[in-house]
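[1] Output the structure for:
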Amino acid sequence: MRAALDGDASAYRDLLMALRPFLVGYFSRRLNAGHHGQAEVEDLVQMTLLSLHEKRATYDRSAPFLPWLMAVARHKLIDYVRKTKKNVQVELDDTLSAVDGYGPALARRDVVVLLAQLPKDQARVIGLHKLKELNVDEVSRLTGHSAANVRVMVHRGVKRLQALIAGGAL
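    Prediction:
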């Protein structure tokens, strides 16, 4: 986000593309997409990305990006629920439960920056499995890697992410 604010259009485009699957996973879990349509999830993703674009000047460069993004996404979800009167549980303390398994340390980190430090294939596999919540077989079909290799890539990638977080590599 910082590079995008400095005028790097390519970095901004990459950021928006990287955030899309993350937001799809977040809204799918919150709306329980089986009961609500995928179109609603896509609408929320687009509204959030548009809001992020409109409010990007309010982002404090000294603060972590992800909690700011999650606040924008949470507010869009709350507005949607109020408008449609859908029965959806929205946790008030929902800064980062969208990234299950990474814990509060990741709330202080930028997921996009962390994943960029992994090999592309590994980052993609982790994004599909952990953020989009696809099962191993689905990830295997999408990437062409065997299911066993997907499991290994996820395991090693998560270990690497944990080491990056613990080592303060950002």
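[2] chain center to the helix or strand hosting His75: distance?
    Taking DSSP states H and E as the criterion, His75 maps to helix 65-84. On the basis of C-alpha atoms, centre = their mean, to the nearest Å, helix 65-84 is displaced by 13 Å from the centre of the chain it belongs to.
[3] Could you give the average pLDDT over that helix?
    Averaged across helix 65-84, the pLDDT comes to 84.
[4] Check which helices and strands it sits against.
    helix 9-31, helix 38-55 (3 or more C-beta pairs under 8 Å, 6 or more residues apart in numbering; DSSP states H and E). Quick note: C-beta positions are derived from backbone N, CA and C, even for glycine.
[5] Give the residue spans of the chain that score low on pLDDT.
    Applying pLDDT under 70 to the chain flags residues 1-8, 33-36, 85-110, 166-170.
[6] And the residue nearest the centre of it, how far from Leu15?
    Central residue of the chain (C-alpha atoms, centre = their mean): Phe22, 2.7 Å from the mean position. Computed as C-beta to C-beta, to the nearest Å, the Phe22 to Leu15 distance reads 11 Å.
[7] re earlier: surely the residue nearest to the centre of the chain is in contact with Leu131?
    Yes: using C-beta atoms under 8 Å, Phe22 makes contact with Leu131 at a distance of 5.0 Å.
[8] Mind listing what's buried along stretch 37-50?
    Using 16 or more other C-beta atoms under 10 Å as the test for burial, stretch 37-50 gives Glu40, Val41, Leu44, Val45, Met47, Thr48, Leu49.
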